[in-house]
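**Student:** starting from these lines, generate the structure:
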Amino acid sequence: MKHTRAPKPRTVLVGAGAVALIAAALTLQSAQAAPADAPEPPSATAAAQRARGISSALGANAAGFYYDARNNKLIVNVTTEAAAGKVRGAGAEAKVVKHSLTSLNAARATLKQKATIPGTSWGMDPKTNQVVIVADRTVTGDRLAQLKKVASSLGDRVTLKQSAGRLRPLIAGGNAIWGSGARCSLGFNVIRDGQPYFLTAGHCTNAVRSWSAEQGGPEIAVTEAGSFPGDDYGIAKYADADIAHPSQVDLYNGSKQSIDKVGDAIVGERVQRSGSSTHVHAGDVIAVEVTVNYQEGPVDDLIQASICAESGDSGGSLFEGNTALGLTSGGRGACGSGGETFYQPVREALEKTGSHFD
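**Tutor:** From the prediction side, this is the model:
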């Protein structure tokens, strides 16, 4: 994302009207097959909205959902055949699984209470109907034994994996948006109280007050607020309100992607990440509502994706087409050897900072 003197784009209203559509279009039926006038295959953004409406209506029989990007299908997990019929009647594909969403959320609560160990993360994988726990290479000895004990007590609701990478926020000394001794990546340009701002990671705004576009350059923005740990978002106000700051993501190929709305990520969605260190990479959303236990403290409700990132990519943009999804928080691994990353949802950042896209 760059700040430029390009003409200011026209205002585009962020679409929230689809929420009303969910209630109207997703009245669950008991038929065993989709009706003849079933809706067209949904985009990932539309699927995420639809799935939340369906899942809410299923109550205790809900067990999560995900998106099959290859076939443009929404799959909704349920625990009974009766609930599966209701899902099919709502135009989605049903999958009967063992563990309910309530049961998996209880497992996550137990992990938070008994296994909040730096270097670990966990999130629900709706494809396997389990909570996946990952411990990085720093989790050893008594801490690893404790984690294994808690995981074992939760039975087949969880699976424990170990990673050779190290879990960390992706801040660094380098270039892009610069502060004193640190750099990050700009996430999205936004408007707050009629003035231009940008969003980035909270661990970046915690570390930096005055921002420059180049190392040692003039001040372009000043941090106003941020939240980390707990969340991982921050907002900075541009110094010159007369310069246009369009909502665009740099694709590092000479072009930019315009951003005019915010969406909610869904497991299976194909997404892209842009950052100043490693530029643009693509991958899939593999979990949402993920808890990540950094050395600095836990951060909840993050998006997890099968995309690499490296130091300096913190705060960068996660997006699908013209839809903003997340701000790069941290990750494990590196782009030369593979890796995975975690993202602060943009919708929450916009709501808590009182900002919006122009």
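
**Student:** can you tell me the centre-most residue of the protein?
**Tutor:** I303 (2.9 Å; C-alpha atoms, centre = their mean).

**Student:** which residues are in contact with that one?
**Tutor:** 265, 285, 287-288, 290, 318, 325-326, 342-345 (C-beta atoms under 8 Å, 6 or more residues apart in numbering). Any C-beta I mention is one placed from the backbone N, CA and C, and that applies to glycine too.

**Student:** quick check: the closest residue to T80 other than its chain neighbours vs K98, distance?
**Tutor:** Of all residues not flanking T80 in the chain, N61 sits nearest, at 5.4 Å (C-beta to C-beta, 6 or more residues apart in numbering). Going from N61 to K98 by C-beta to C-beta, to the nearest Å gives 12 Å.

**Student:** could you do I307 as well?
**Tutor:** 30 Å.

**Student:** which of these two has more residues huddled nearby?
**Tutor:** I307 (27 against 12; other C-beta atoms under 10 Å).

**Student:** assign that one to helix, strand or coil.
**Tutor:** Under DSSP: H, G, I helix; E, B strand; the rest coil, I307 falls in the coil class.

**Student:** quick one: it from I220, how far?
**Tutor:** I307 is 27 Å from I220, by C-beta to C-beta.

**Student:** pLDDT score for the residue lying closest to G297 once chain neighbours are set aside?
**Tutor:** Nearest in space to G297, with sequence neighbours left out and distances taken as C-beta to C-beta, 6+ apart, is P229 at 3.3 Å. Note on P229: pLDDT of 97.

**Student:** so what's the residue count around P229?
**Tutor:** Neighbourhood size, P229 [other C-beta under 10 Å]: 19.

**Student:** and it, what does it touch?
**Tutor:** Contacts of P229 (C-beta under 8 Å, 6+ apart): 203, 294, 296-299.

**Student:** repeat for I75
**Tutor:** I75 sits next to 65-68, 92-95, 126 when contact means C-beta under 8 Å, 6+ apart.

**Student:** go again using 7 Å as the cut-off
**Tutor:** 65-66, 68, 93, 95 (C-beta atoms under 7 Å, 6 or more residues apart in numbering).

**Student:** before we move on, back to that, mind listing which of the contacts of P229 are in helices?
**Tutor:** H203 (DSSP state H).

**Student:** where does the stretch 1-150 of the chain have low pLDDT?
**Tutor:** Within the stretch 1-150 of the chain, the stretches with pLDDT under 70 are 1-41.

**Student:** how about the helices in it?
**Tutor:** 18-25, 44-58, 81-89, 101-114, 141-153 (DSSP state H, counting those that start in this stretch).

**Student:** which elements pack onto the last one?
**Tutor:** Translated: helix 141-153. helix 101-114, strand 130-135, strand 158-162 (3 or more C-beta pairs under 7 Å, 6 or more residues apart in numbering; DSSP states H and E).

**Student:** closest one to W178 among these?
**Tutor:** strand 130-135 (31.9 Å; C-beta to C-beta).

**Student:** note down every partner strand of the closest one and its orientation.
**Tutor:** Neighbouring strands of strand 130-135 in its sheet, by DSSP bridges, are strand 120-125 (antiparallel), strand 158-162 (parallel).

**Student:** want to throw those strands into JSON lines with distance to K237?
**Tutor:** Below are the strands paired with strand 130-135 laid out as JSON lines (distance: least, C-beta to C-beta, whole Å):
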{"stretch": "strand 120-125", "distance to K237": "32"}
{"stretch": "strand 158-162", "distance to K237": "41"}
